[in-house]
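Chemist: from the sequence below, what's the structure:
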Amino acid sequence: MNDLDILRDAWAEPGPPAEASRTAARTALLERASGGTRKRGRFRLGIRVAVVAAAVAVGVTVVQAGDEDGPVVRPVSNASQALERAALAAEARPFTPPRPDQWVYIESRTLTGPVGAPPENLRDTGVRRQWKRADGTKSARLEDGKLVVSATPPTTPPSDYASLAALPTDPAALLQWVYQRAGGRTAEGRYSAAYSMLCAILRDNLLPPKTEAAVYRAITRIPGVTAVLFLGLKMEGRSPERPVLGLGRVTEGRHRELLLDRNGYAYLGEGSAAIEGDALNLTVRVRSGVVDEAGQRP
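Modeler: Below you'll find the predicted structure:
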């Protein structure tokens, strides 16, 4: 099975978005994968150039998967299979829960700009370093090089380890919990809001293995999630190159992609591109872990 077969199988999953959005997204994504027309070729190249520009900021190199010398990986047939592998990998991951007085550290890089722009025209919005005390009482961030510690207000979804660890670990129960809080006036609105909330939980937090697995399995229950994008990524100081699998969904006019390591299915970040227009956003997780004090890095 080749990548185009994977894409076709993924789009055959039940419950896609509205037909117009589905058709536009399918056309753009298939042409991105295969080269497409000259106009869409710019979109495909732009995605690659934009990701490379972000890679420069975080010390990574990105190439198209499937290159002659690239790593051989076992393909997935659809998004549900990939997410189940991610869930199994999360459950098998060694993990020591943080003490209540410890801090969870998340470091990521973001980039925004027009699809297809040369790297020098893309805007690196910088690095985000955030510390959150595990008991949920405080958070910390850097402002102009100074560490600022503040009380943590309640958020939806929760952003502290204690609350995240208390989330349901049954996928159906977790998705119901999300639906009750995410909102949405229509079925598609509920799907879109739930998908965005689950992606935010992955992006912004270090999760217990069972909770992370439940998030992946809950996403499989949302209609319209497809396997769409294959890249190669090499982190600075790490070898070999890590092939990347993108799982995406059309959400409010954008195709939002959850990025996983295509070999080990670890979470790597997320990206999104406008279906109509040229806006591109990318977030790459650089580092995460547990430290004893705010301001420390693992």
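
Chemist: what's the mean pLDDT across stretch 203-210?
Modeler: Average pLDDT, stretch 203-210: 96.

Chemist: now that stretch: buried residues?
Modeler: 204-210 (16 or more other CB atoms under 10 Å). From N, CA and C alone the C-beta is placed, and that goes for glycine too.

Chemist: give me the subset of those residues lying in helices.
Modeler: 204, 209-210 (DSSP state H).

Chemist: contacts only, for R181.
Modeler: 156-157, 197 (CB atoms under 8 Å, 6 or more residues apart in numbering).

Chemist: that older thread, identify, from the buried residues of stretch 203-210, the entry nearest to I275.
Modeler: Of all the buried residues of stretch 203-210, I275 sits closest to D204, with 24.8 Å by CB to CB.

Chemist: what's around the closest residue to that closest one other than its chain neighbours, how many residues?
Modeler: Taking CB to CB, 6 or more residues apart in numbering, and ignoring the residues beside it in sequence, D204 has S159 as its nearest neighbour in space, at 6.0 Å. By other CB atoms under 10 Å, the residues close to S159 number 21.

Chemist: show the pLDDT at S159.
Modeler: 90.

Chemist: give me the phi and psi for it.
Modeler: Dihedral angles of S159 (phi, psi; degrees, to the nearest 10) stand at phi -130, psi 10.

Chemist: what pLDDT, on average, does stretch 246-266 get?
Modeler: 85.

Chemist: touching, R254 and A274? I think so.
Modeler: Yes: using CB atoms under 8 Å, R254 makes contact with A274 at a distance of 5.4 Å.

Chemist: about what we covered before: which one of the buried residues of stretch 203-210 is nearest to R249?
Modeler: Distances from R249 to those, taken by CB to CB, are shortest for D204, at 18.4 Å.

Chemist: how about CSV for the ones in helices among the buried residues of stretch 203-210, with distance to R221 added?
Modeler: Putting these into CSV (distance: CB to CB, whole Å) gives the following:
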residue, distance to R221
D204, 21
P209, 19
K210, 17
